[in-house]
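Q: next come a sequence and a model predicted from it.
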Amino acid sequence: MSPPNSRPITIFDTTLRDGEQSPGCSMNLHEKLEVAQALVDLGVDVIEAGFPITSVGDFEAVREIATTVPGATICGLARCRKPDIDRAWEALKDGSNVRIHVFLATSAIHREFKLRMDKQEIIRRAVESVRHAKTYCDNIEFSPEDAARTESDFLCEVVEAAISAGATTVNIPDTVGYATPSHFAGVISNLVNRVPNIDSAVISVHCHNDLGLAVSNSLAAVENGAGQIECTINGLGERAGNCSLEEVVMALRTRNDYYQMQTNINTPRLVPTSRLVSNITGMIVQRNKAIVGRNAFAHEAGIHQDGMLKERTTYEIMKPEDVGFTHTDLVLGKHSGRAALADRSRALGYHLADAQLDAVFEDFKALADKKKEVYDGDIAALIEQRNTQIADQWQLVTYEVQATNGKTPTVTLTLSRGNQEYSTTKKCGDGPLDALFMAIEELTGKSVVVRDFRVQSATRGKDAQGESLVEVDYNGQLFRGRGASTDTVEAATRAFLNAINRIEVGVSESGRRGTV
Ligand code: KIV
Ligand code: ZN
């Protein structure tokens, strides 16, 4: 509970826009809607849902989220160009609580080499664009891109002009992650002290993590007058990513004594949201990641364990349950019913429709027969596997591989499609997985190049499910597939088949974003 004098800080989440820009992190519409709903449950104030002019996929996602996900302001990004702004508005216009975010680079490097515009032209464009956006909507955010490397006098001039033109939020990006905390504190306090109309807008910050300083820089900014932090789940984003939502929120909460600021974030939703985003994007959270990493609350050293047993606060500054780690990790078994599964799925951050729940329940029963203890991670893996399955496509029926070290394996594989079964037996590949992948390619008629392949355990124990992620290149486009099973070879085979099915329906990870 924050003290009554705490200053409110707006949390602007850009996982679906800047986060999605990181290589291999693109999401389909269904996945974006799921993340948007999870962000609302988490309590974020603003969701940047996409950059509508860049692709039909982004446009549709912004439109769907603006019209079907209530509970947060939905924002669409646009460059300072009329067609961008019109397209952003087209996507947002049916939503009840929306914001247009326009941006234009202001630093000397960007002016000279990227835009080839002088300072006066930048101000003219920024003003014209904010005014144009304002004809559609009151809630306008303006970002001088690469603000942290912009001359301080010119930054003040641009910000003042954008506010006069109608910007209600001015966002100060450290686009290339160049700032350091005391430098960035100076950038913000300079604006607070020198821009005459600064009180008419909220100052926002958007820090990239190239030097690992995004969270520190964001905290330095709010200490000096910023009122909004732009951030992403798990710190996803361009290159080294953005300010991590979970870290900055927990810093403000844990050190409320120092910052005296509060957010609307429902912190026990942090871990489920982090897991959801990691599962959907395939970006694995490092074990020692602050707040949401698996080891974030694990105490290994004897002295620490002894201290913890005597008094938790000797070595713990936050409670695991405050960020969403539960002690009831072992939850379900073969006697658990559909209601218990529905309840656990909700707690893990998944909103399953009745038909989805039925399908996952079927998988759960099969798994519970094989495995005594079904953990949260197992349930998440089953849900994710179902989420990525594509109806009426290739299904795995059976396989058998004989592989001996140093000899070419022999594989027999049966797949089905609709009511028809297809089988092959062949001697091929340089290992069991290679052989299975080649047999799948033969039966489906799709030839691909594997670009990434990973297997990790969904939970602990010898009988843990393996979760596999495969990324394949098909005619220059990337497709991702996911699979889970207690048998890692089967998990990988399912993941590869899932990627093939995605090729068939054109759910690609690359090439969806047009050039801007
Ligand atoms: O990093 C950046 O400058 C951005 C802007 C579009 C805000 O992402
Ligand atoms: Zn950015």
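A: Everything's here; your move. Ligands and ions are numbered 1, 2, ... in the order given.
Q: what comes up buried for the helix or strand in which S468 is found?
A: Here S468, judged by DSSP states H and E, is contained in strand 466-474. Buried residues in strand 466-474, counted by 16 or more other Cβ atoms under 10 Å: G466, E467, S468, L469, V470, E471, V472, Y474. Placement of C-beta: from N, CA and C, glycine included.
Q: how far off centre is it?
A: 18 Å (Cα atoms, centre = their mean, to the nearest Å).
Q: which strands or helices does it pack on?
A: Under the contact criterion of 3 or more Cβ pairs under 8 Å, 6 or more residues apart in numbering; DSSP states H and E, strand 466-474 touches strand 449-457, strand 477-485, helix 488-505.
Q: on that earlier part again, can you put the buried residues of strand 466-474 in CSV and add pLDDT?
A: Shown next, in CSV, are the buried residues of strand 466-474 (pLDDT from 0 to 100):
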residue, pLDDT
G466, 84
E467, 83
S468, 88
L469, 86
V470, 90
E471, 88
V472, 91
Y474, 92
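Q: now the element after the helix or strand bottoming out on mean pLDDT in the chain, going C-ward?
A: In the chain, no helix or strand scores lower on mean pLDDT, DSSP states H and E than strand 330-332, which sits at a mean of 67. Next along the chain after strand 330-332, taking DSSP H and E as the criterion, comes helix 338-347.
Q: chain center to that next one, what's the gap?
A: With Cα atoms, centre = their mean as the basis, helix 338-347 stands 23 Å off its chain's centre.
Q: got the CA coordinates for it in CSV?
A: Extracted C-alpha coordinates of helix 338-347, given in CSV (Å, rounded to 0.1, in the frame of the first residue of the first chain):
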residue,chain,number,x,y,z
ARG,A,338,-12.1,-28.9,-15.5
ALA,A,339,-13.0,-26.2,-13.0
ALA,A,340,-9.7,-26.5,-11.3
LEU,A,341,-7.9,-26.3,-14.6
ALA,A,342,-9.9,-23.2,-15.6
ASP,A,343,-9.1,-21.6,-12.3
ARG,A,344,-5.4,-22.3,-12.6
SER,A,345,-5.3,-21.2,-16.3
ARG,A,346,-6.8,-17.8,-15.3
ALA,A,347,-4.3,-17.4,-12.5
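Q: which residues sit against that helix?
A: Applying Cβ atoms under 8 Å, 6 or more residues apart in numbering, the external contacts of helix 338-347 come out as 272, 326, 331-332, 352, 357-358, 360-361, 364, 376, 379, 383.
Q: 7 Å instead?
A: Under the criterion Cβ atoms under 7 Å, 6 or more residues apart in numbering, residues V331, L332, L352, L357, V360, F361, F364, I379, I383 lie in contact with helix 338-347.
Q: what's the mean pLDDT across that helix?
A: Throughout helix 338-347, pLDDT has a mean value of 84.
Q: so which bits of stretch 125-138 are buried?
A: By neighbour count with 16+ other Cβ under 10 Å, stretch 125-138 contains the buried residues R125, A126, V127, S129, V130, H132, A133, K134, Y136, C137.
Q: which helices and strands does the strand or helix carrying the fourth one pack with?
A: When elements are defined using DSSP H and E, S129 is found to belong to helix 119-134. Where contact means 3 or more Cβ pairs under 7 Å, 6 or more residues apart in numbering; DSSP states H and E, helix 119-134 is packed against helix 82-92, strand 98-105, strand 140-145, helix 152-165.
Q: the helix or strand that the last one is followed by near ligand 1 anywhere?
A: Which is helix 152-165. Tracing the chain past helix 152-165, the next element assigned as helix or strand by DSSP H and E is strand 169-174. Yes - using Cβ under 6 Å from any ligand atom, strand 169-174 comes into contact with ligand 1 via N171, P173.
Q: what packs against strand 169-174?
A: strand 140-145, helix 152-165, helix 181-194, strand 202-207.
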